[in-house]
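>>> Coordinates only, no sequence provided:
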């Protein structure tokens, strides 16, 4: 019996145990993961590990609960599910669940989901990563640090309503930071599923991180005020992606989104069109079906600046008398717990018509922001937030990158910033790292009149 066959057998055993008590979903994943860690411009760790994870969802008399079982055995899954059922029976019924999907269609076809070359890639991965570090050094970096992961995951899903499905996926993701000195740094990101252009992607990440770090030398205290911002895709994905993640009925119900009662409203200029797409080729969030077996799809969120639709799973769609959009996820919602709720797959921004250089042209005071950390809300309901620019940040002078600046904070409102978009670049990049947990395809973006305050020491 192969590892995948063993997982399928465990999934069916777990479903049999859980569905005796009510509705249930069991997802099994076989994971082969590799990590290369970079410290002081050298590869210092290259390791691989295998794991098997069973995620179990149960609904008993309107009460719901989940558990994840690492490297399960028949005995351990029986014990864990028994404990889960006992725990769930002590909970209160929830309005967030109204039954699983009962009618199934064929899973969606997703291109560039799996690249079989991932199996041989460990042999040349160190060479590809080393080339990225060389590019950073050529661009001016004195030191580099970061990590590169690449995975192969086989997913099996079964539900008590009769859905059975499986798929295989590959992925890679690099985050690299370059330093010239402790105050002068730059970041590069490369992510994807297929290896067609991985050398070019990783080399670009290295080169860009080194260039930004080199340009950041001699940074001065920035002056608080109102500026136009040109956002690198890394920053645009963090800020504007946070708003689009709020196009979710559960987030709205919980007071975590400023999009309540805004469907049909013009929130941005007509140049702005955004959708959720669980089928986009090479997307890290793409899959043939969601957590309850509904085919994934492309769902229009904003069309020509107008908010059109929210994402849904079966329960939220029944609540609002619409249809599931194939966005059911087992998602972290509260610390230490997961819920089966709607969630984004890949957020996709329609590309614009401007080059990066053209985004720098307007004569108004402008700052170019290349990276940010710690987006935090003053009010999630209103969309007011702040975030700290990191790595290189620059004044734009006569249409070119000029004086590097430091120690400013972006303090503004998500909805206002969407409405103030003043330019969209032609180049779209996929962004995914620890500050952007939903894969986001997004260009360089220019936004008017953003508030920059002094960062606390």
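Arrived safely, thanks for sending. All of these numbers come straight from a predicted model, not from anything done at the bench.
>>> switch to C-alpha atoms for all contacts and neighbour counts from now on
Will do.
>>> same for the helix or strand bottoming out on mean pLDDT in the chain, what does it pack against?
Scoring the helices and strands of the chain by mean pLDDT, DSSP states H and E places strand 328-334 at the bottom, with a mean of 82. Judged by 3 or more C-alpha pairs under 8 Å, 6 or more residues apart in numbering; DSSP states H and E, the packing partners of strand 328-334 are strand 337-342.
>>> Quick check: buried residues in the strand it packs on?
338-342 (16 or more other C-alpha atoms under 10 Å).
>>> from the chain's centre, how far out does that strand sit?
For strand 337-342, the separation from the chain centroid amounts to 16 Å (computed by C-alpha atoms, centre = their mean, to the nearest Å).
>>> neighbouring contacts of that strand?
With C-alpha atoms under 8 Å, 6 or more residues apart in numbering as the test, strand 337-342 has contacts from 57, 65-66, 96, 248-250, 291, 311-313, 316, 327-333.
>>> now stretch 239-250
So stretch 239-250 is contacted by 96, 252, 256-259, 301, 309-312, 316, 341-344, 347, 375, 383, 414-415, 417-418, 436, 438, 440 (C-alpha under 8 Å, 6+ apart).
>>> would you list every one of the strands in the stretch 51-200 of the chain?
Counting by DSSP state E, counting those that start in this stretch, the stretch 51-200 of the chain has strands at residues 63-70, 143-159, 164-181, 184-192.
>>> Repeat that for the stretch 201-350 of the chain.
Using DSSP E, counting those that start in this stretch, strands in the stretch 201-350 of the chain cover 220-221, 225-231, 274-277, 298-303, 306-307, 328-334, 337-342, 347-349.
>>> right, so of these, which gets closest to residue 111?
strand 274-277 (12.5 Å; C-alpha to C-alpha).
>>> helices or strands next to that closest one in the packing?
strand 298-303, strand 347-349.
>>> counting contacts, what elements does the last one pack onto?
Under the contact criterion of 3+ C-alpha pairs under 8 Å, 6+ apart, strand 347-349 touches strand 274-277, strand 436-454.
>>> pLDDT on that strand, on average?
Mean pLDDT, computed over strand 347-349, is 98.
>>> Mind listing residues that contact that strand?
Contacts for strand 347-349 (C-alpha under 8 Å, 6+ apart): 241, 244, 272-277, 438-443.
>>> how far is the helix or strand following it from where the chain is centred?
Next in sequence after strand 347-349, counting helices and strands by DSSP states H and E, comes helix 356-359. Its chain's average C-alpha position is 26 Å from that of helix 356-359, according to C-alpha atoms, centre = their mean.
>>> Please apply the same query to stretch 348-355.
19 Å.
>>> buried stuff in it?
So for stretch 348-355, counting by 16+ other C-alpha under 10 Å, buried means 348-352, 354.
>>> what bits of the stretch 301-450 of the chain have low per-residue confidence?
333-336 (pLDDT under 70).
>>> Contacts for the top helix by length along the chain, please.
If you go by DSSP state H, the chain has its longest helix at helix 198-215. For helix 198-215, the external contacting residues (C-alpha under 8 Å, 6+ apart) are 128-129, 131-141, 174-180, 184-191, 391-392, 404.
>>> Ok, stretch 101-117 next?
Contacts for stretch 101-117 (C-alpha under 8 Å, 6+ apart): 161-163, 168-171, 193-195, 279-283, 286-289, 292-297, 314.
>>> any idea of the mean pLDDT for it?
Stretch 101-117 comes out with an average pLDDT of 95.
>>> From start to finish, how long is that stretch in a straight line?
Length of stretch 101-117, first residue to last, C-alpha to C-alpha, to the nearest Å: 35 Å.
>>> Off-centre distance for that stretch?
The answer for stretch 101-117 is 19 Å, by C-alpha atoms, centre = their mean.
>>> re earlier: what subset of the contacts of stretch 239-250 is buried?
For the contacts of stretch 239-250, a burial check counting by 16+ other C-alpha under 10 Å picks out 96, 252, 256-259, 301, 309-312, 316, 341-344, 347, 375, 383, 414-415, 417-418, 436, 438, 440.
>>> Per the annotation, how does the protein divide into domains?
Listed by automatic domain parsing, the domain ranges of the chain are 3-215, 220-454.
>>> Which one of the strands of the stretch 201-350 of the chain lies nearest to residue 37?
Closest to residue 37 of these, according to C-alpha to C-alpha: strand 328-334, at 26.6 Å.
>>> Could you give me the PyMOL selection string for whichever of the contacts of stretch 101-117 are buried?
A single PyMOL command is used to select the members of the contacts of stretch 101-117 judged buried by 16+ other C-alpha under 10 Å:
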select buried, resi 161+163+168+169+170+171+193+194+195+279+280+281+282+283+286+287+288+289+292+293+294+295+296+297+314
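>>> Out of the contacts of stretch 101-117, which sit inside helices?
Using DSSP H, the subset of the contacts of stretch 101-117 located in helices is residue 314.
>>> Single out the most deeply packed of the helices and strands packed on strand 347-349.
Among those, ranked by average contacts under mean count of other C-alpha atoms under 10 Å, first place goes to strand 274-277 (a mean of 26).
>>> Which residues does that strand contact?
Under the contact criterion C-alpha under 8 Å, 6+ apart, strand 274-277 has outside partners 286, 296-303, 311, 344-350.
>>> rerun at 7 Å
The contact list for strand 274-277 (C-alpha atoms under 7 Å, 6 or more residues apart in numbering) reads 297-303, 344-350.
>>> what's the most distant pair in those?
Across the contacts of strand 274-277, the longest distance by C-alpha to C-alpha is 18.0 Å; it joins 303 and 345.
>>> What strand or helix carries the residue nearest to residue 50 when sequence neighbours are not counted?
Distances taken as C-alpha to C-alpha, 6 or more residues apart in numbering place residue 32 nearest to residue 50, at 4.6 Å, with adjacent residues excluded. Using DSSP H and E, residue 32 maps to strand 23-39.
>>> That strand: which residues count as buried?
Applying 16+ other C-alpha under 10 Å to strand 23-39 flags 23-38 as buried.
>>> Neighbouring strands - and their directions - for that strand?
Strand 23-39 has the following strand partners under DSSP bridges: strand 42-60 (antiparallel), strand 143-159 (antiparallel).
>>> so who does residue 55 touch?
Contacts of residue 55 (C-alpha under 7 Å, 6+ apart): 26-28, 67-69.
>>> I'd say residue 359 and residue 447 touch.
No - using C-alpha atoms under 7 Å, residue 359 is not in contact with residue 447; the gap is 9.8 Å.
>>> Lovely, talk soon.
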